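Student: Let me see the structure of the following:
(one chain, ligands or ions: 2)
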Amino acid sequence: MNILFYHPTFNSQTWIAGLAQRLPEAQVRVWQPGDDAPADYALVWQPPREMLASRSGLKGIFALGAGVDAILAQEQQAPGTLPAGVPLLRLEDTGMGQQMQEYVLAYVLRFFRRMDEYQLQQQQKQWQPLKPHRQETFPIGIMGAGVLGQQVAQALVGLGFTVRCWSRSPKQIEGVGSFHGRDNLPAFLKGTRLLINLLPNTPETVGILDLALMKQLAPQAYLINAARGAHLKEGDLLTALEQGQVAAAALDVFADEPLARMHPFWSHPRVTVTPHIAAVTLPAQAMDQIVANIRAIEQGKTPAGLVDRDRGY
Ligand SMILES: NC(=O)C1=CN([C@@H]2O[C@H](COP(=O)(O)OP(=O)(O)OC[C@H]3O[C@@H](n4cnc5c(N)ncnc54)[C@H](OP(=O)(O)O)[C@@H]3O)[C@@H](O)[C@H]2O)C=CC1
Ligand SMILES: O=C(O)C(=O)CO
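Tutor: Ligands and ions are numbered 1, 2, ... in the order given. Predicted structure coming up:
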């Protein structure tokens, strides 16, 4: 069994050694330009087109992350990047669920306890208690109720918040209100005081976080975007902040990353910027899942994390 590995920044030796330990029967190699030797599986993130194009014999391509928008966009821009008919798989959780719970809870509590405003008051040496928000009037809405969204919802319910989620198909999540489909998006948004985005970036969801959507939220709403920058109309958020429709935002992802040094988000008093760190790929847990999936495929079983290329996630 031959396995190819390519990631622009990860330490490839960590992955080569970890895969060899988990799959001793495999020969694992880092792809180099010009390498067209046979391979059964490829583990990739932002692969150069030549790595996989017209490569025959692949039984699976593993994206080294949860979101596959980038690799699907590569295929759109350079057809053949992903050989047709080869299963594309993504990481499902592998430690990203807990990280996302931590990230989102940090900002939910920052906004719910008005710590963002106390931080601004401190800069003015202002000793001024503020009227606390109350959970009864602070409903939280999560866009995306998949692997990450559900874990975040359960953590928030555990803290006593009222939580609703929005997904493509109906969901049954204990203690969480469920809305699905575009027709029910207004009902999901109505009254939502804090909105969390955990959607995949697809042709249906790109640009979904625009001013029209923000205006459907409760006044002085909060936004946490930990999904993709492509979801957010950045200028619309600045307008919503200026108009008071949005009180504050925590953003982990941006239309262009790294965020340009001159971007207004860096200095905006009501915007918090983090450098796409909400939930990172953890090699050990990722390799455990990938190896389990390889073994499933070898045994003719259905692996976890299969991507529907047409659907985009
Ligand atoms: N900032 C960061 O560090 C990280 C960001 N991410 C981002 O988080 C995203 C979510 O990850 P994950 O939870 O694993 O993904 P999943 O595929 O498990 O969940 C996606 C959810 O979005 C819903 N959805 C998809 N399309 C639509 C639509 N058109 N309308 C309504 N709902 C829709 C799905 O609905 P249904 O269940 O009905 O199919 C599902 O509930 C990733 O795609 C990635 O972009 C992920 C990891 C880290
Ligand atoms: O896994 C993902 O999709 C991420 O955004 C982590 O970088």
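Student: give the contact list for the residue of the stretch 51-200 of the chain found nearest ligand 1.
Tutor: As assessed by C-beta to the nearest ligand atom, ligand 1 sits closest to G146 within the stretch 51-200 of the chain, at 1.8 Å. The C-beta positions use only the backbone N, C-alpha and C, and glycine is treated the same way. G146 makes contacts with S167, L198, P200, Y313, as judged by C-beta atoms under 8 Å, 6 or more residues apart in numbering.
Student: burial measure for R90, as a count.
Tutor: Residues lying near R90 (other C-beta atoms under 10 Å) number 21.
Student: ugh, wrong one, I meant V157
Tutor: 16.
Student: ok so, going back, can you list which of the contacts of G146 are found in strands?
Tutor: Those of those mapping onto strands are S167, per DSSP state E.
Student: ok, and of the contacts of G146, which contact ligand 1?
Tutor: Near ligand 1, taking C-beta under 6 Å from any ligand atom as the test, the members of the contacts of G146 found are S167, L198, P200, Y313.
Student: Quick check: of those, which lies closest to A63?
Tutor: Comparing those against A63 with C-beta to C-beta places Y313 closest, at 10.8 Å.
Student: My guess is W266 contacts V273. True?
Tutor: Yes. Between W266 and V273 there is a contact under C-beta atoms under 8 Å: 6.2 Å.
Student: from the contacts of G146, which would you call buried?
Tutor: S167, L198, P200, Y313 (16 or more other C-beta atoms under 10 Å).
Student: Output the ones next to ligand 1 among the contacts of G146 in CSV; the columns should cover pLDDT.
Tutor: Formatted as CSV, the ones next to ligand 1 among the contacts of G146 follow (pLDDT from 0 to 100):
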residue, pLDDT
S167, 98
L198, 99
P200, 98
Y313, 98
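Student: Next up, the contacts around N184.
Tutor: Taking C-beta under 8 Å, 6+ apart, one finds W166 in contact with N184.
Student: Look up how far R113 lies from it.
Tutor: For N184, the distance to R113 (C-beta to C-beta, to the nearest Å) stands at 31 Å.
Student: Helices of the stretch 151-300 of the chain, start to end?
Tutor: With helices called from DSSP state H, counting those that start in this stretch, the stretch 151-300 of the chain shows them at 185-189, 211-214, 234-243, 283-298.
Student: Tell me which of these approaches ligand 1 most closely.
Tutor: helix 185-189 (7.9 Å).
Student: From the rest of the structure, what touches that closest one?
Tutor: For helix 185-189, using C-beta under 8 Å, 6+ apart, the contacting residues are G141, M143, R164, C165, W166, F179, L195, L213, Q216, L217.
Student: Enumerate every residue touching R110.
Tutor: D116, A250, T272.
Student: Please produce a markdown table containing those residues, extended by pLDDT.
Tutor: Shown next, in a markdown table, are those (pLDDT from 0 to 100):
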| residue | pLDDT |
| --- | --- |
| D116 | 98 |
| A250 | 99 |
| T272 | 98 |
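Student: what's the closest non-adjacent residue to P33?
Tutor: Among residues not flanking P33 along the chain, E50 sits closest, at 6.7 Å (C-beta to C-beta, 6 or more residues apart in numbering).
Student: any residues touching the lowest-mean-pLDDT helix or strand in the chain, and which ones?
Tutor: Using mean pLDDT, DSSP states H and E, helix 49-52 stands out as the lowest-scoring helix or strand of the chain, at a mean of 92. For helix 49-52, contacts defined as C-beta under 8 Å, 6+ apart pick out 4, 6, 31, 33, 35, 42, 44, 58, 61, 74, 78, 80-83.
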